[in-house]
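In: Got a predicted model here, sequence first, then my questions.
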Amino acid sequence: MIPGSLGKGIAWMLLTVLVWAPMFPTAKRALPVVDAFALSSIRYLLGGAIFVVLVVAIEGRRALRFGDRIVPAIVLGLVGITGFNSFVWVGLTYARPEHAAIIMAIQTPLTALLVWVLRGQRPANFTVACIAVAIAGVLIVVTRGDPLGAIASLGKGDELFGDILVFCGALCWVAYTMGSGTFPGWSALRFTALTIIPGGVGLLAVNAAALGAGVALMPSPAAVASIAPQIVYFAVGTVVLGVLGFNASVKHLGPLNVMLMLNVIPVSVFAIEAALGRAFAPIELFGAAMVIGALVANNLYLRRR
């Protein structure tokens, strides 16, 4: 944690939680109107344009230059922005919002596993146990305690297919988060903007390919207008404020503190869905509690170390 930045970090993180918590429930209800490919492209076109204006206004035109970091910025943008949004938003077409939120919550153990695989840094035994419990909890949630039945229905366009796509998106965001530490000297605003630009271009390319393959539809102006408030929320809230707040929080608080506070989001999504009339099976709530409990326990353990 950067000394003296606790207040700023908490403020950024509270903003991030506030704007990201309603994202999955809102997206689930907007996707039947405008498909995942078009919705991702629209929100990042608007969000990217806002970021360019902010960077020029706050840091000047020179901050829009990639310099010798152009290749890693493009790669991270394609992985973190294009990959994350393509997988998660298409996955939400099938998956339940609360399932997507729980899957996204295990990014911390996924990061630990990725560091283990890529760098050979094995986590402590307690962390490995927490990872196992969290993954088991996710499996309980997404299969509702019936993994064989869920596997048997895989490939029929059901929720488990969407859950797998969301999991792939979570892996993309883990890579994006890990890569953010390789840009010393870049502000959170500059890093976010210069990865969103190539990521947004990638989303347009994916959308064009999906249209050409016949798996996506060009939305009508009337359809886009009918969800205009949601689009504004997605662009300004989840893209500009959410991504910027997340990156700023990591710089001020460190990844451990940020990941701990992100555990509020899946709890909030369950609460939002319950308020909207969603009924949960007891086994789903049990699995969600396993995930959140394991993540919190591991975070507290790492703090003591």
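Out: Done, it's in. Numbering: from 1, shown residues only.
In: make it CA atoms for all contacts and neighbour counts henceforth
Out: Fine.
In: From residue 57, how far off is the residue lying closest to residue 146 once chain neighbours are set aside?
Out: Distance criterion CA to CA, 6 or more residues apart in numbering; nearest residue to residue 146, sequence neighbours excluded, is residue 140 at 7.6 Å. Note on residue 140: its distance to residue 57, by CA to CA, to the nearest Å, is 48 Å.
In: Compare these two and say which is more crowded by neighbours.
Out: residue 140 (21 against 10; other CA atoms under 10 Å).
In: roughly how far apart are the more buried one and residue 225?
Out: Counting by CA to CA, the gap from residue 140 to residue 225 is 39 Å.
In: Mind checking what helix or strand follows the top helix by length along the chain in sequence?
Out: Longest among the helix segments of the chain by residue count, using DSSP state H, is helix 188-213. Following helix 188-213 in sequence order, the next helix or strand is helix 221-226 (DSSP states H and E).
In: chain center to that following helix, what's the gap?
Out: In terms of CA atoms, centre = their mean, to the nearest Å, the centre of helix 221-226 is set 26 Å apart from its chain centre.
In: what residues does that helix touch?
Out: Contact with helix 221-226 is made by 33, 34, as judged by CA atoms under 8 Å, 6 or more residues apart in numbering.
In: Grab the CA positions of that helix and hand them over as PDB.
Out: What follows is helix 221-226, C-alpha atoms only, in PDB (Å, rounded to 0.1, in the frame of the first residue of the first chain):
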ATOM      1  CA  PRO A 221     -31.700   2.100 -33.700                       C
ATOM      2  CA  ALA A 222     -35.000   1.500 -31.800                       C
ATOM      3  CA  ALA A 223     -33.500  -1.400 -29.900                       C
ATOM      4  CA  VAL A 224     -30.500   0.700 -28.900                       C
ATOM      5  CA  ALA A 225     -32.700   3.600 -27.900                       C
ATOM      6  CA  SER A 226     -34.900   1.400 -25.700                       C
END
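In: Now residue 167: which helix or strand?
Out: Assigned by DSSP H and E, residue 167 belongs to helix 159-179.
In: Let me know the angle separating that helix from helix 188-213.
Out: Angle, helix 159-179 to helix 188-213, by axes from the mean of the first three to the mean of the last three CA atoms, to 10 degrees: 140 degrees.
In: name the helices or strands packed onto helix 159-179?
Out: Under the contact definition 3 or more CA pairs under 8 Å, 6 or more residues apart in numbering; DSSP states H and E, helix 159-179 sits against helix 70-76, helix 84-92, helix 97-105, helix 107-119, helix 125-143.
In: Swap in 10 Å and give it another go.
Out: helix 70-76, helix 84-92, helix 97-105, helix 107-119, helix 125-143, helix 147-153, helix 244-253 (3 or more CA pairs under 10 Å, 6 or more residues apart in numbering; DSSP states H and E).
In: From the contact counts, what lies against the first one?
Out: For helix 70-76, the contact count by 3+ CA pairs under 10 Å, 6+ apart identifies helix 159-179, helix 188-213 as packing neighbours.
In: what does the fifth one give?
Out: Where contact means 3+ CA pairs under 10 Å, 6+ apart, helix 125-143 is packed against helix 97-105, helix 107-119, helix 147-153, helix 159-179, helix 282-304.
In: change it to 6 Å
Out: Packing partners of helix 125-143 (3 or more CA pairs under 6 Å, 6 or more residues apart in numbering; DSSP states H and E): helix 282-304.
In: same question for the helix it packs on, mean pLDDT?
Out: The average pLDDT within helix 282-304 is 85.
In: mind checking how far it is from the chain centre?
Out: Computed by CA atoms, centre = their mean, the chain-centroid distance of helix 282-304 equals 19 Å.
In: tell me the most buried of the helices and strands packed on helix 159-179?
Out: Ranked by mean neighbour count, the helices and strands packed on helix 159-179 are led by helix 97-105 with a mean of 26 (mean count of other CA atoms under 10 Å).
In: Tell me how far that helix lies from the chain's centre.
Out: 10 Å.
In: now that helix against helix 159-179, angle please.
Out: 30 degrees.
In: can you offset everything so residue one is 42?
Out: Renumbered: residue one is now 42, and that last one reads helix 138-146.
In: which residues are contacting helix 138-146?
Out: For helix 138-146, contacts defined as CA atoms under 6 Å, 6 or more residues apart in numbering pick out 65, 66, 211, 307, 310, 311.
In: what do you get for stretch 98-110?
Out: Residues contacting stretch 98-110 (CA under 6 Å, 6+ apart): none.
In: Tell me the gap between it and the middle of its chain.
Out: Counting by CA atoms, centre = their mean, stretch 98-110 comes out at 25 Å from the chain centroid.
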